[in-house]
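K.L.:
just coords:
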């Protein structure tokens, strides 16, 4: 069985991609309801029905996008600010405004996904939502990771985003 650097097999990645498809449908549901716009606005909760899916998703790190440089995290795979695995469907319905059950709902591949507006504030640099934005006094509009990057670059403040003007 072929595995990648994180120890995941092709079958594991199939489970992860299937979960991502279900999460994307839930994100679309939340966008339609105007709960959120971009996927980075979201917190995602996933209840894996099967042990196969749970094993594959658990191999990836959980938490908030932008809190580390790891690319093997659930937040990177789902392109959401905050992704966590939960232990029950009730946890999703309690924490999330929108939820969806994998339409295949098969024991070996099914998940339930929930989506809601992410907690915290939006970092001006990486655009991720984090409850720790503003915790670094020198950079009150940045998450701790971005504040550290800006400090390493020797900048007193983060560069302002470039506004794009379309040519007509």
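P.N.:
Arrived safely, thanks for sending. Since the model is a prediction, treat every value here as computed from it, not as a measurement.
K.L.:
following the lowest-mean-pLDDT helix or strand in the chain, which helix or strand shows up next?
P.N.:
In the chain, no helix or strand scores lower on mean pLDDT, DSSP states H and E than strand 63-64, which sits at a mean of 56. Sequence-wise, the next helix or strand downstream of strand 63-64 (DSSP states H and E) is helix 74-78.
K.L.:
who touches residue 148 in this structure?
P.N.:
residue 136 (Cβ atoms under 8 Å, 6 or more residues apart in numbering). (C-beta placed from N, C-alpha, C; glycine too.)
K.L.:
buried ones in the helix or strand hosting it?
P.N.:
Using DSSP H and E, residue 148 falls within helix 144-152. Burial within helix 144-152, assessed by neighbour count using 16 or more other Cβ atoms under 10 Å, is assigned to 144-147, 149-150.
K.L.:
and the longest helix seen in the chain, how far from the chain's centre?
P.N.:
In the chain, with assignment by DSSP state H, the single longest helix is helix 10-32. Centroid separation for helix 10-32 versus its chain: 11 Å, with Cα atoms, centre = their mean, to the nearest Å.
K.L.:
which secondary structure elements does it contact?
P.N.:
Applying 3 or more Cβ pairs under 8 Å, 6 or more residues apart in numbering; DSSP states H and E, we find helix 10-32 packed against strand 42-48, helix 51-58, helix 74-78, strand 98-101, strand 111-117.
K.L.:
and the helix holding residue 148, average pLDDT?
P.N.:
The pLDDT scores in helix 144-152 average 88.
K.L.:
show me how far it is from its chain's centre.
P.N.:
Here helix 144-152 is found 20 Å from its chain centre; the criterion is Cα atoms, centre = their mean.
K.L.:
ok, the buried residues of helix 144-152 vs residue 44, which is closest?
P.N.:
Nearest to residue 44 among these, counting by Cβ to Cβ, is residue 145 at 19.3 Å.
K.L.:
thinking that closest one is in contact with residue 126, fair?
P.N.:
Yes: under the criterion of Cβ atoms under 8 Å, residue 145 makes contact with residue 126 at 7.3 Å.
K.L.:
so which of the helices and strands packed on helix 10-32 gets nearest residue 20?
P.N.:
helix 74-78 (6.0 Å).
K.L.:
C-terminal to that closest one, what's the next element?
P.N.:
Next element after helix 74-78 (DSSP H and E): strand 82-85.
K.L.:
just checking, what packs against the helix or strand following that next one?
P.N.:
The helix or strand immediately downstream of strand 82-85 is helix 89-95, counting by DSSP H and E. Packing partners of helix 89-95 (3+ Cβ pairs under 8 Å, 6+ apart): strand 42-48, strand 111-117.
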